[in-house]
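Q: Provide a 3D model corresponding to the input given below.
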Amino acid sequence: MKFPQPFIDEVRAAADIVTVISDYVSLRKAGTSYKGLCPFHGEKSPSFNVNRDRGFFHCFGCGVGGDVFKFIELKEQVGFQDAVRQLAQRFGIPVPEMETGDGAHDSAAERESLLKMHEIATAYFREQLESAPAARIRQYLLEERGLTPDTVARLQIGYAPPGRDTLRQRLVKSGFVPAQLVASGLISRRDDGSEVDRFRNRLMVPIARDTGSVIAFGGRALEKDQVPKYLNSPETALYNKSRTLYGLNLTKGEIRKRGFAIVVEGYFDFAQVFQAGGLPVVATCGTALTVPQAQHLRRFASKTVLCYDPDSAGQTAAGRSSELLVGEGFDVNVVRLPEGMDPDTFVQRRGGEAFVQQLKTSRPYLDFLLDRAAAGQDLSRDEPRREFLRTMLGVAARIPDPATRDQFADRLAHKARVTEEVVRAEIRKAAAARKTELPAARAPIVGGHLRPAERGLLWGLIHQPERVLTSVLTLEDADLEGLSSSNLFKLVREIPVDDPADLPNLLMERLSTEEARRLAAIASEAAAPVLDAESSVRSLKRLKYERQLADVQREIDGLQGRGDVEADLVALLQKKLELGRLLAPEKL
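A: Numbers count the residues shown, from 1 in each chain. Modelled structure (predicted):
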C-alpha cells in the first residue's frame, strides 16, 4: 500500500522540519541551521544539525540523517507510509485512501482504531465520574487525595463503574468488533469465551503519549480488599510501558523551558506536584526507570531531579535510576524527603512552596550514593572501609566522563580516609576493565532471524522472568551456537539476579538503543509464540543435536571409500547412534 505521490509532496511541503524535530529535540539556531543533542545516540556536545531551507537533518556524531519523513520513521519506529500519515495529521492535511496491493495490511488503521477506542473510554470514564453514583469518588479525590476539580479535569481522571461490561457495550455501539476490543486491552476475554471490562470499580488514570493521545490506563482500587491495588493496561500496539512517561504530555513545555525534569514514581505523586503549579514533573508510574524512558526524556532536558520515597526501597530505586540516567548523559540530583512522606503526602501537608525548597536542597547523585553507602558503616575499621570502597569503585567505573570520575575519586578518598592517588588509580583500573568487558564494537545482542523458540524465551524473560529464567540458565554455549539471540542469552547468564522480577530492567540497562528496540518489539507482542519455556529449551537443544548429527554425517561421508579408517568410522557411527538417541522424542 502507498499514498499517491501528489499527497506525499503536499505533506513534505507543509511539514516544516524544524517544527517537527523540535517536538523531540531542543534546537538552537546556529547560523543558517539549527543544532541540538542527537536523539539517536547519547552525547553531551550537540552534533545534530537541522537545515530548514534544504529540509534535511544530519548528525556528525553517529552519521544518521535524512528528510522529515526519515526522522519520523527512525524516531517513531514506523514505516514510510505511517510517517507520512502521522505528519499529515500533525499539519491538518486530509489523508486519502492508500493505493493497496494484494495482501497489504494497514497497521496504521489498526492504531487509529485503538486510539479511537481509548478516546471513547476516556470520555466514558469521565462521564461516570460526574454521575450521581460517583459522588463518593469525587469526595475521595477532593478530601483524601487533595485534588481540585481543575486538576482532575486536566489529568482526565475518571471512574470505571462496577458493571460487568458497560464499557464494552459503549464500544460495540460505536462499531468496534470483538477482536478489536480485546486487542485494545480495555476488554478481557475469559476462558469461557465471554468478554468483560478489564477495569471495574476503579479510579481511572489515563496514560497519554507526549503528543496528548491516550494510549493506556492505570486503574486504582477503591475498596480495601480489592486486588491488585493498581491494575494497568497490558502492552498493545499503542502502549509500551518501558518507553512511556506519565504526564509528559502536560509538562514537556515546562521541562524544555527550565532545562530539567523532576522524576517521581506514581500517578498521585505526579498529580500533587503538577497541581502545585508550573513544575516540570514526570512519573514512571511505579515501575523502575528504563533506558528507553531516559532516552525519551533526553529529548526535552539534560538534567533530572529524582524525588522518590524516602524508605529503603525508594532510595535503592533512586540509586539505580541515578546511575542509569548518568549513563544516558544526564546531570542528576536527588531529593531526600522527610521519613514517612512521598511527594504526594509532602505537598498535601506542607504545600508547593515547601516542595520547591526541598528541590533547592537536592544533592548531586554521587554525594547521595556516597552518603547512602557509608550510612551505618564504621569507616575507621578496615573491613567496612574495604567493602565501602569496593561498592563505590563499581559506581565510579560506570561514570562515563573521566573528569567527573576524578572529582568523585577526591570525594571518595575523603570519605574513606584514603589517599586520592590510590583511589584514582583504582577507579581508572576499574573503568578500563569495564571497557574491556563491554567493548563498543561488539556483536549485536539481538539480530537476524529469530526462531519461534528464541522469541518465546525472550518474550518470557520480559513478561514471566520468574518462570522462564530457570529454563534459560540450563542452556549451554553449545546450545546457543549459530542462534541470532545467542549473545543475549549469554548476557542473561552473566547478570547477577537476586530476584528474577528485576531481570527485565537489568537486561534493558545493558542493551544498546537498537538492541533494546528489538527486544521491546518482541516483548510488545500480545503473547509468546511458544508459551512453554521448557519446550523452547528442548527445541534449541534439538537444533544443537541436529547440527552435530549433520557434522558427523559429513565426516562419515568423507571417510567412506577410503582405506585404514575403520576405527574412525566405528567411532563416528557410535556417535551418530548416540545423537539419534538424544533426538528421540522421549529424550527431549
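Q: and stretch 413-420, average pLDDT?
A: Averaged across stretch 413-420, the pLDDT comes to 82.
Q: Now that stretch - C-alpha only, CSV.
A: The C-alpha trace of stretch 413-420 is given here as CSV (Å, rounded to 0.1, in the frame of the first residue of the first chain):
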residue,chain,number,x,y,z
ALA,A,413,39.1,9.3,49.2
HIS,A,414,38.0,11.9,51.7
LYS,A,415,35.1,9.8,52.9
ALA,A,416,37.1,6.6,53.2
ARG,A,417,40.2,8.3,54.6
VAL,A,418,42.4,7.0,51.8
THR,A,419,44.9,9.0,49.6
GLU,A,420,43.4,10.4,46.4
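Q: Correct me if wrong: Leu155 contacts Val205.
A: Yes: taking contacts as C-beta atoms under 8 Å, Leu155 lies within contact range of Val205: 7.0 Å. Where you see a C-beta, it was placed from the backbone N, CA and C, and this is true even at glycine.
Q: who's more crowded, those two?
A: Val205 (24 against 21; other C-beta atoms under 10 Å).
Q: Look at the more buried one and report its pLDDT.
A: pLDDT at Val205 comes out at 98.
Q: Run through the residues that contact it.
A: 155, 157, 217-220, 246, 267 (C-beta atoms under 8 Å, 6 or more residues apart in numbering).
Q: which residues does it bridge with?
A: Beta-bridge pairing for Val205 (DSSP bridges): Gly218.
Q: Sketch out the low-pLDDT regions of the stretch 251-400 of the chain for me.
A: For the stretch 251-400 of the chain, the stretches flagged by pLDDT under 70 are 286, 400.
Q: Where do the strands of it begin and end?
A: With strands called from DSSP state E, counting those that start in this stretch, the stretch 251-400 of the chain shows them at 260-264, 281-283, 303-306, 331-334, 363-364.
Q: closest to Arg372 out of those?
A: Proximity to Arg372 (C-beta to C-beta) singles out strand 331-334 among the strands of the stretch 251-400 of the chain, at 9.2 Å.
Q: With just CA atoms, put that closest one into CSV.
A: Extracted C-alpha coordinates of strand 331-334, given in CSV (Å, rounded to 0.1, in the frame of the first residue of the first chain):
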residue,chain,number,x,y,z
ASP,A,331,23.2,15.7,35.1
VAL,A,332,21.4,14.1,38.1
ASN,A,333,20.4,15.4,41.6
VAL,A,334,18.4,13.5,44.3
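Q: What strands line up against that strand, and which way round?
A: Checking strand 331-334 against DSSP bridges gives partners strand 303-306 (parallel), strand 363-364 (antiparallel).
Q: Which positions in the longest one come out as buried?
A: Across strand 303-306, burial judged by 16 or more other C-beta atoms under 10 Å covers 304-306.
Q: Among the contacts of Val205, which one is most surrounded by other residues?
A: Busiest of those [other C-beta under 10 Å] is Tyr246, holding 27 neighbours.
Q: Identify the residues contacting the closest residue in space to that one that isn't next to it in sequence.
A: Sequence neighbours aside, Ala283 is the residue nearest to Tyr246 in space, at 4.2 Å (criterion: C-beta to C-beta, 6 or more residues apart in numbering). The contact partners of Ala283, taken as C-beta under 8 Å, 6+ apart, are 245-247, 263-267, 269-270.
Q: Now those residues in JSON lines, please, with extra columns for distance to Lys116.
A: Converted to JSON lines, the contacts of Ala283 look like this (distance: C-beta to C-beta, whole Å):
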{"residue": "Leu245", "distance to Lys116": "23"}
{"residue": "Tyr246", "distance to Lys116": "22"}
{"residue": "Gly247", "distance to Lys116": "23"}
{"residue": "Val263", "distance to Lys116": "31"}
{"residue": "Val264", "distance to Lys116": "31"}
{"residue": "Glu265", "distance to Lys116": "31"}
{"residue": "Gly266", "distance to Lys116": "28"}
{"residue": "Tyr267", "distance to Lys116": "24"}
{"residue": "Asp269", "distance to Lys116": "30"}
{"residue": "Phe270", "distance to Lys116": "26"}
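Q: Going by neighbour count, which of these are buried?
A: Using 16+ other C-beta under 10 Å as the burial test, the contacts of Ala283 include 245-247, 263-267, 269-270 as buried.
Q: one step back: so in terms of bridging, what pairs with the residue nearest to Tyr246?
A: Applying DSSP bridges, one finds that Ala283 bridges with Tyr246, Val264.
Q: switch to numbering from 68
A: All right, first residue 68 from here; so that's Ala350.
Q: Could you check stretch 381-389 and say which residues are buried?
A: For stretch 381-389, using 16+ other C-beta under 10 Å, the buried residues are 381-382, 384-389.
Q: show me what contacts Met184?
A: 238, 241, 243, 247-248, 251, 253.
Q: In helices only, show me the residues you listed.
A: Members of these lying in helices (criterion: DSSP state H): 238, 247-248.
Q: export those residues to TSV and tack on neighbour count?
A: Shown next, in TSV, are the ones in helices among the contacts of Met184 (neighbours: other C-beta atoms under 10 Å):
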residue	neighbour count
Leu238	23
Gln247	18
Leu248	21
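Q: can you list these in a markdown table and add distance to Val619 and pLDDT?
A: Output for these, formatted as a markdown table (distance: C-beta to C-beta, whole Å; pLDDT from 0 to 100):
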| residue | distance to Val619 | pLDDT |
| --- | --- | --- |
| Leu238 | 59 | 97 |
| Gln247 | 52 | 93 |
| Leu248 | 53 | 95 |
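Q: what number of residues lie near Ser112?
A: Ser112 has 8 neighbours, counted by other C-beta under 10 Å.
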